[in-house]
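1. For reference, the sequence and a predicted model appear below.
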Amino acid sequence: MYKIFKYIPIILLIINFILFLSQFKKENRTYKIYTVYLGLIVLIEVSSRVLIANGYQNLMLSHLYFTGQFVMLSLFYLQLLKENYQKQIIKFNLIIIPLLLLVNFSIFPSQLHEFSMVEILLTSVTIISYSTFHFYNMLSNKKDFYLINCGILIYLFGSTVTFLPRNLHVIYGKSFTIILTILNILLYIVYLVFIFLEWRQIKTRSKG
Amino acid sequence: MKKINDSIGGNSVDIYVVLGYLFIAFLLMAGVLILFFYFSRKKIIQKEIEKKILEINHQKELLRSVILTQEAERKRIAQDLHDDISSKLNVVSLNTHLLKTPNLSDDEILEITDNITGLTQKALESSRRIAHDLLPPVLEKFGLNAGIEELIVEVTSSKTVKVNYLNELKFQFEDTERHLHIFRVLQELLNNSIRHGKATEVSIRFSKINDIETCTYSDNGKGFDTSNNESQKGLGMKNIESRISFLNGTFSIFSKVNEGVKVIFTF
């Protein structure tokens, strides 16, 4: 049951990615960046499954996942947000946070082989604040990418909490990891549903 | 989404560190939320203030137009009084002085008195006309319907314009103040149609639309471009707008160049 359950998000993710690709040419740059982000996540997910199937450790990919997600979503919000000061903040963070992480990993290289809490915290909280920037802008402007923004906020809020204690499995054992994974998958499904709804809305809008 | 492999080795994991991170994460998120709330509130209040300022400016504009109209009306009355009545009374006064002249023949006296009676008659008529223009007595005595009918008779007497008038409403007699506004609006609209629109046919219709008393006015005149602000900013239009706002009604104009004007207002 748990094994099948674990495959639901990746299937949904691939479906979403294909759907987003189908409108790729017609839509604006923000949409394109988001599609590339989905592509990157698909790539990481698939290669992570492949690594595990072949008996390798996939934790190194988690860094690619968090940092990649951070960079792509930063670019996404850089396109989406219109206020100049917000763009400045994003550009600044886009340089300073990878630098901080680099410094962090060079001081504590052992963190490369586990979930890096500094990485999770920095990248997630930054993206969450961009998402609230967008909510703030939407108070008076039109609601572009409203559903995706909701999805990002919900998922990152929850997933930060489910990712941070991951390393505790050394103490609490495998069942602890399973509970956190299930919670995370549930959240991720919610996020994917939001992405799908957004795609549907964009499609009907571009038709009309 | 990452699956954890059991083979993490050698790294000691401290539960307190994890709790510390979780705590910081929650604190930061709460901070983000509070900042979001704080700035959103500010923004919403700012928007509301802007809206109110716009409203106030609009009201000021209406008030200004009311005052301007009042001044224009005063000027017109002053001119009417000066041209029609004062000048005639002047001549009457001159004529009465003439009567004092000694050794006047009977014929001369007769001529002078005829002059005086004629002029006073004319002055009387002028004063009646001025009073009538200011407030048609029919409106007060017989109500809005009769007032409008009389207005139409006056307008059509020049034979340049035909007016179709249809009334499906029953106007309450007590509502004279409101009726005066409606009357003035129609007066202004007719005036516009004839003077600016050069219309030859006008239709006025009072009816109940969705249980709201509505007046639909249309003409076949020159019309104007509704997107052009100049034509909407005229004193007459402002005057109509402020009167309808007194009636708590709505007001909309539909017009295109060479396609006449259609005005719908509720009250």
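-> Received it, and whenever you're ready, just let me know what you need. In this text the structure is predicted, and so the values were computed from the model without any measurement.
2. only C-alpha atoms for contact and neighbour calcs from this point on.
-> OK.
3. Okay, now the unreliable bits of the chain?
-> All of this is about chain A. Confidence mapping of chain A against pLDDT under 70 gives the ranges A:208.
4. wrong one, I was asking about chain B
-> Along chain B, the model assigns pLDDT under 70 to residues B:1-13, B:229-233.
5. Centre-most residue in it?
-> B:Ile240 (1.6 Å; C-alpha atoms, centre = their mean).
6. how about the helices in the stretch 101-250 of chain B?
-> B:106-134, B:137-156, B:176-195, B:229-232, B:235-246 (DSSP state H, counting those that start in this stretch).
7. Output those in TSV, with distance to chain A appended to each entry.
-> Shown next, in TSV, are these (distance: least, C-alpha to the nearest C-alpha, whole Å):
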stretch	distance to chain A
helix B:106-134	49
helix B:137-156	46
helix B:176-195	38
helix B:229-232	26
helix B:235-246	28
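8. how about those helices, which one is nearest B:Ile49?
-> helix B:235-246 (21.8 Å; C-alpha to C-alpha).
9. Determine the angle, from 0 to 180 degrees, between that closest one and helix B:176-195.
-> 150 degrees (axes from the mean of the first three to the mean of the last three C-alpha atoms, to 10 degrees).
10. Just give the strands next to the helix or strand following helix B:235-246 in its sheet, each with its orientation.
-> Per DSSP states H and E, helix B:235-246 leads on to strand B:251-255 as the next helix or strand towards the C-terminus. Strands that pair with strand B:251-255, judged by DSSP bridges, come out as strand B:261-266 (antiparallel).
11. export the strand it pairs with as PDB, just CAs?
-> The C-alpha coordinates for strand B:261-266 follow below in PDB (Å, rounded to 0.1, in the frame of the first residue of the first chain):
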ATOM      1  CA  VAL B 261     -28.400  60.600 -27.500                       C
ATOM      2  CA  LYS B 262     -30.100  58.200 -25.200                       C
ATOM      3  CA  VAL B 263     -30.200  59.000 -21.500                       C
ATOM      4  CA  ILE B 264     -31.600  56.600 -18.800                       C
ATOM      5  CA  PHE B 265     -32.000  57.800 -15.300                       C
ATOM      6  CA  THR B 266     -33.800  56.400 -12.300                       C
END
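12. Contacts for it next, please.
-> B:212-224, B:244, B:249-255 (C-alpha atoms under 8 Å, 6 or more residues apart in numbering or on different chains).
13. Off-centre distance for it?
-> On the basis of C-alpha atoms, centre = their mean, to the nearest Å, strand B:261-266 is displaced by 12 Å from the centre of the chain it belongs to.
14. Next one: the residue nearest to the spatial centre of chain A relative to chain B, how far apart?
-> With distances taken as C-alpha atoms, centre = their mean, A:Gln69 lies nearest the centre of chain A, 4.8 Å away. Counting by C-alpha to the nearest C-alpha, to the nearest Å, the gap from A:Gln69 to chain B is 13 Å.
15. can you give me the helices for chain A?
-> A:2-22, A:29-53, A:59-80, A:84-107, A:117-138, A:146-163, A:169-172, A:174-207 (DSSP state H).
16. Nearest to B:Glu259, out of those helices?
-> Between these, helix A:174-207 lies closest to B:Glu259; by C-alpha to C-alpha that is 34.8 Å.
17. can you pull the buried residues of the closest one?
-> A:177-178, A:180-196, A:198-199, A:202-203 (16 or more other C-alpha atoms under 10 Å in any protein chain shown).
18. ditto for stretch B:32-51
-> In stretch B:32-51, counting by 16+ other C-alpha under 10 Å, buried: B:Val32, B:Phe36, B:Ser40, B:Lys43.
19. what sits against A:Met117?
-> Contact analysis of A:Met117 by C-alpha under 8 Å, 6+ apart lists A:Leu164, B:Val18, B:Tyr21.
20. ok, how many other residues are close to the first one?
-> It stands for A:Leu164. 22 (other C-alpha atoms under 10 Å in any protein chain shown).
21. List the contacts of it.
-> For A:Leu164, counting by C-alpha under 8 Å, 6+ apart, the contacting residues are A:Phe115, A:Met117, A:Ile120, A:Leu121, B:Val18, B:Tyr21, B:Leu22.
22. ok, so of those residues, who is nearest B:Leu135?
-> Distance to B:Leu135 across the contacts of A:Leu164 (C-alpha to C-alpha) is lowest for A:Leu121, with 78.4 Å.
23. what sits against the closest one?
-> A:Leu121 neighbours (C-alpha under 8 Å, 6+ apart): A:Thr160, A:Leu164, B:Tyr21, B:Ala25.
24. wouldn't the residue nearest to the centre of chain B be in contact with B:Glu188 here?
-> Yes - at 7.5 Å, B:Ile240 counts as touching B:Glu188 under the criterion of C-alpha atoms under 8 Å.
25. Would you confirm that B:Val18 belongs to a strand?
-> No - assigned with DSSP: H, G, I helix; E, B strand; the rest coil, B:Val18 falls outside any strand and is helix.
26. how near is it to A:Lys174?
-> 17 Å (C-alpha to C-alpha, to the nearest Å).
27. Repeat that for A:Ile97.
-> Per C-alpha to C-alpha, A:Ile97 is found 32 Å from A:Lys174.
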